[in-house]
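K.L.:
I need the structure of the sequence given here:
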Amino acid sequence: MASVTRAKHKLTEVTVVGEDDTGLIANVTTLLFERGVNIEDLDQAVREGVFRMTMHVDTDGMVCTEEKLREDLNDLGDELGVDIQVRFPADRETQSIAVLVTKESHCLEALFEAWANGDLGADIGVVIGNHSDLQPLAAKYDVPFHDIGDEKGNPDEEQLLDLLSEYDADLVVLARYMRILSPDVVFRYESRIINVHPSLLPAFPGASAYMQAIEEGVRIAGVTAHYVTTDLDQGPIITQRSFNVPDDAAEEDLQRIGQPLEADALLEAIDLHLNDAVSVHRGRTRLRDDLDTDEVQLGAPDALDEENPDRPIDGLGEIVADRDGDSESETEAD
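P.N.:
Model prediction:
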């Protein structure tokens with residue numbers, strides 16, 4: 001995995017989450033306007049009764065301090081009964097990652113190894129699990145571990161949100177975390193949660209993706225790292241890796257082949273996100289215009305292109321139609 005050059009964060013992010021109510025947008029935007037804050041982008045959504053508004057704003061010309069703006073927005077949030085979070089352009093050298101896990105260790109191991117080697121580009125601030133199985137691995141790297149699951153692994157999301165706030169997470173990474181996050185969590189970390197899924201999405205979303213691939217008889221399977229949205233496994237795709245499915249393969253065989261690729265795709269996606277190399281436009285990720293695409297692997301290796309046939313292609317044959325009028329009617333459907 002090659003590292004890309006870090007770009008400077010320029011815009012402040014303001015996120016509003018709470019019960020849907022009239023006047024929310026007007027109240028927040030009015031406060032920003034009165035303090036000389038220019039709104040560059042605004043997006044809103046409502047899911048399961050939870051309202052979310054995310055704004056990217058320019059605070060260079062504001063007429064108050066960062067502390068004052070944060071205080072005023074917090075007071076407004078208390079008045080409106082919503083949670084308002086403000087993330088100013090990062091002024092620290094290294095960002096912080098919170099990793100969510102269940103029982104599978106391979107992605108967490110890869111994250112820790114990259115961090116220990118200085119290749120991760122961020123600090124792992126905390127590991128949060130809905131089971132305690134991976135606590136020894138976190139302890140090996142002297143990283144705090146919190147088990148937020150009950151005896152059945154059902155997570156306490158209020159505790160999760162408290163921990164993400166306590167450890168000031170810039171990015172949330174789902175390293176084979178086998179639980180669906182509610183809108184209350186996703187909306188607070190819009191475009192800051194990355195998951196890895198064991199299929200070439202949008203094929204085979206949900207549980208047991210490798211078994212789904214076997215049952216459908218596909219010859220090529222793969223893995224996908226993507227941003228998390230409130231639609232299960234439908235968030236914008238960042239990176240993908242693929243592999244051939246052996247004849248008579250069992251689910252364990254695909255896990256053995258796929259797990260290293262899951263870790264690889266996840267690390268690549270994290271690197272692109274941390275370095276502001278990827279953005280989301282209309283549900284699709286786009287690389288930064290000045291990025292050297294030879295440094296990243298979004299999909300299959302470039303060598304695959306050399307193996308693919310390049311002929312025939314429509315229109316390259318010596319004769320593509322009967323010029324004397326003997327061809328079928330041009331109006332006939334293909």
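
K.L.:
And the longest helix seen in the chain, what does it pack against?
P.N.:
The single longest helix within the chain, with elements called by DSSP state H, is helix 251-274. If you count contacts as 3 or more C-beta pairs under 8 Å, 6 or more residues apart in numbering; DSSP states H and E, helix 251-274 packs onto helix 106-116, strand 171-174, strand 193-197, helix 209-216, strand 220-227, strand 237-244. No exception for glycine: its C-beta is placed from N, CA and C like everyone else's.

K.L.:
pLDDT score assigned to the most centrally placed residue in the chain?
P.N.:
Note on the chain: the residue nearest the mean C-alpha position is Tyr227, at 2.2 Å, using C-alpha atoms, centre = their mean. What the model reports for Tyr227 is a pLDDT of 97.

K.L.:
go on, Asp58?
P.N.:
So Asp58 comes in at 93 (pLDDT).

K.L.:
What are the buried residues along the helix or strand just after the longest helix of the chain?
P.N.:
Using DSSP states H and E, the helix or strand that directly follows helix 251-274 along the chain is strand 278-281. Within strand 278-281, the residues that count as buried by 16 or more other C-beta atoms under 10 Å are Val278.

K.L.:
tell me what the helix or strand just after strand 278-281 is packed against?
P.N.:
Next in sequence after strand 278-281, counting helices and strands by DSSP H and E, comes strand 284-287. On a contact count with 3+ C-beta pairs under 8 Å, 6+ apart, strand 284-287 meets strand 237-244, strand 278-281.

K.L.:
what is the mean pLDDT for the helix or strand just after strand 284-287?
P.N.:
Downstream of strand 284-287, the first helix or strand assigned by DSSP H and E is helix 303-307. Mean pLDDT, helix 303-307: 85.

K.L.:
Quick check: buried residues in helix 303-307?
P.N.:
Neighbour counts over helix 303-307 (16+ other C-beta under 10 Å) mark no residue as buried.

K.L.:
One more: stretch 248-268?
P.N.:
Neighbour counts over stretch 248-268 (16+ other C-beta under 10 Å) mark 249, 254, 257-259, 261-268 as buried.

K.L.:
where along the stretch 1-150 of the chain do the helices fall?
P.N.:
Listed in chain order, the helices of the stretch 1-150 of the chain (DSSP state H, counting those that start in this stretch) span 24-34, 66-80, 106-116, 135-140.

K.L.:
quick one: which of these is nearest Asn244?
P.N.:
Nearest to Asn244, of all the helices of the stretch 1-150 of the chain, is helix 106-116, at 20.1 Å by C-beta to C-beta.

K.L.:
And for that closest one, what's in contact with it?
P.N.:
For helix 106-116, the external contacting residues (C-beta atoms under 8 Å, 6 or more residues apart in numbering) are 1, 97, 99, 101, 120, 122-124, 127, 134, 137-138, 140-141, 143, 173, 175-176, 196, 259-260, 262-264, 266-267, 270.

K.L.:
before we move on, what about stretch 255-265?
P.N.:
1, 104, 106-107, 109-111, 176, 196, 198, 210, 221-225, 239-241, 243.

K.L.:
what pLDDT does the nearest residue to Leu120 once chain neighbours are set aside get?
P.N.:
Closest residue to Leu120 apart from its sequence neighbours, by C-beta to C-beta, 6 or more residues apart in numbering: Ala114 at 4.2 Å. Ala114 carries a pLDDT value of 97.

K.L.:
How about Lys8?
P.N.:
Looking at Lys8, the pLDDT reads 39.

K.L.:
Over to Arg47?
P.N.:
Reported pLDDT for Arg47: 87.

K.L.:
That one: neighbouring residues, count only.
P.N.:
The number of residues packed near Arg47 is 16, by other C-beta atoms under 10 Å.

K.L.:
Look up the residues forming beta bridges with it.
P.N.:
Val50 (DSSP bridges).

K.L.:
residues contacting Leu266?
P.N.:
Leu266 touches 107, 110-111, 173, 175, 194, 196, 225, 239, counting by C-beta under 8 Å, 6+ apart.
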